[in-house]
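Chemist: structure for the following, please:
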Amino acid sequence: MAAAFLVSGHCMAQVKADQSYHQFVNSFPWIVSYPMELVRKCIPVNCLIKVRVDSAKNVVDMQLSDSADSLIVAEFEGKKHELSINLLEKYIKAKYSGSTCTIFLIPFTYTLLQMRCTPPGTTFSALSGYAKFNNKPQQGEVIFLDPIYVQRSYQR
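Modeler: Residues are numbered from 1 along each chain as shown. Here you go, the predicted structure:
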């Protein structure tokens, strides 16, 4: 009976941790807006969010990979402190408490719906920047978290 309670308790803790991450992801598009200049040009965003944590799993810094357009980088940098970082920390602490890894990567895609345009093709330089930060490839151990995938509807 006690073993069943422990397993059940572990499952509940995992569900609560997953809910924290889900809430963080859901708050993201309400805080980080898609720049209108990118909307007008039909440019989607495909990049990584690098989350650096300290040994206690507190978020120290977050940044977008080099493949992100400078407009979304500016938007993200200006708004990242408004994100629900406490929910992200709660998730990382609950799910990865035993890990010594301090770098977490979140794939981030922002796409447009119901637009009468064709997005431009992806360039090789954009692809090569997907896993680079400040023009340097990410090295060392990383943990990938579930992606943030945002679709927005805009009319021309």
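
Chemist: any idea how far residue 96 is from residue 51?
Modeler: Counting by C-beta to C-beta, to the nearest Å, the gap from residue 51 to residue 96 is 11 Å. No exception for glycine: its C-beta is placed from N, CA and C like everyone else's.

Chemist: got any ranges where this protein has weak pLDDT?
Modeler: 1-17, 114-127, 154-156 (pLDDT under 70).

Chemist: where is the longest strand in it?
Modeler: Ranked by residue count and defined by DSSP state E, the top strand of the chain is strand 103-113.

Chemist: quick one: the strands in this structure?
Modeler: 45-53, 59-64, 103-113, 132-133, 136-137, 143-144, 148-153.

Chemist: quick one: the helices in the chain?
Modeler: Along the chain, counting by DSSP state H, helices occupy 2-31, 36-40, 70-79, 85-95, 124-128.

Chemist: and residue 133, how many residues sit next to it?
Modeler: 18 (other C-beta atoms under 10 Å).

Chemist: would you point out which residue is most central in the chain?
Modeler: In the chain, the centroid-proximal residue (C-alpha atoms, centre = their mean) is residue 106; its distance is 3.9 Å.

Chemist: got the contact list for that residue?
Modeler: 48-49, 51, 144-148 (C-beta atoms under 8 Å, 6 or more residues apart in numbering).

Chemist: report the beta-bridge partner residues of the closest residue in space to it that isn't next to it in sequence.
Modeler: Residue nearest to residue 106 in three dimensions, not counting chain neighbours: residue 49, with 4.2 Å by C-beta to C-beta, 6 or more residues apart in numbering. With DSSP bridges as the criterion, residue 49 is bridged to residue 64, residue 106.

Chemist: my guess is residue 49 contacts residue 147. True?
Modeler: No. Assessed by C-beta atoms under 8 Å, residue 49 is found out of contact with residue 147, at 9.5 Å.

Chemist: please identify which of those two sits among more neighbours.
Modeler: residue 49 (23 against 14).
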